[in-house]
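Trainee: mind looking at a prediction? Sequence and model below.
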Amino acid sequence: MDGLHGKTELALALSPPSGAVQAFLADWQLVVPEQVLSQFTEPVQLFVQGDWQLPTSATAQTSAPGLPLQAGDFRLLLRAPTPVLIPNLGLLKGEADLQLKVADASINTWAASAALELTELQLPTLAAQLNQPLPGIRVKLDTAAAELNPTSLPLQLSLQSLDVTPQALQLQGSAKLMLHWVRTPA
């Protein structure tokens, strides 16, 4: 016997509030800001999918270091096709995707990508320190799927100002994402 297999899927969509929902919230003195209503016109979507396999025995699951899974393929996809207000941050628009493959209770391969725009930043302290309004930020993240050491996962990250003036800032570089899995006894 090779362990318990399973498949999990979760799809969520957060739609703009209808007139009826706005009226219900108003009864509770909760008002959706006009900025949210004017920008948020399409649903934000979250999709999670996983095919997984548990270890063959309970002792293998609790005694071995690593993840509590023998194997698995996982994907998380987030889409915000129109700007959505993130409180105390700004308007977020774009897509992010993360894929993981687990083998022998550890991450074997992974891939991540994102293309996001953060606009109308609500960071008054930073704007005051810079003595100017903050431009939006474009974030691009991309990795290639490959067999990697799970404690040192390289990724390519690009940050670009959406300000078109000559003092606009563009940063590109690479970083390492450190993941440490810790198993505590039950």
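Mentor: Okay, I see it.
Trainee: how about the longest strand seen in the chain: buried residues?
Mentor: Longest strand in the chain by number of residues (criterion: DSSP state E): strand 71-86. Burial within strand 71-86, assessed by neighbour count using 16 or more other Cβ atoms under 10 Å, is assigned to Ala71, Gly72, Asp73, Phe74, Leu76, Leu77, Leu78, Arg79, Ala80, Pro83, Val84, Leu85. Bear in mind the C-beta positions are built from the backbone N, C-alpha and C, glycine included.
Trainee: just checking: what are the partner strands of it?
Mentor: Taking DSSP bridges as the criterion, strand 71-86 sits next to strand 44-53 (antiparallel), strand 90-103 (antiparallel) in its sheet.
Trainee: will you turn these into a markdown table that also has mean pLDDT and mean neighbour count?
Mentor: As requested, those are arranged in a markdown table below (pLDDT from 0 to 100; neighbours: other Cβ atoms under 10 Å):
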| stretch | mean pLDDT | mean neighbour count |
| --- | --- | --- |
| strand 44-53 | 91 | 16 |
| strand 90-103 | 89 | 18 |
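Trainee: now those strands as a markdown table including distance to Gln22?
Mentor: Listed next are the strands paired with strand 71-86 as a markdown table, based on distance: least, Cβ to Cβ, whole Å:
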| stretch | distance to Gln22 |
| --- | --- |
| strand 44-53 | 17 |
| strand 90-103 | 19 |
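Trainee: alright, that wraps it up for me.
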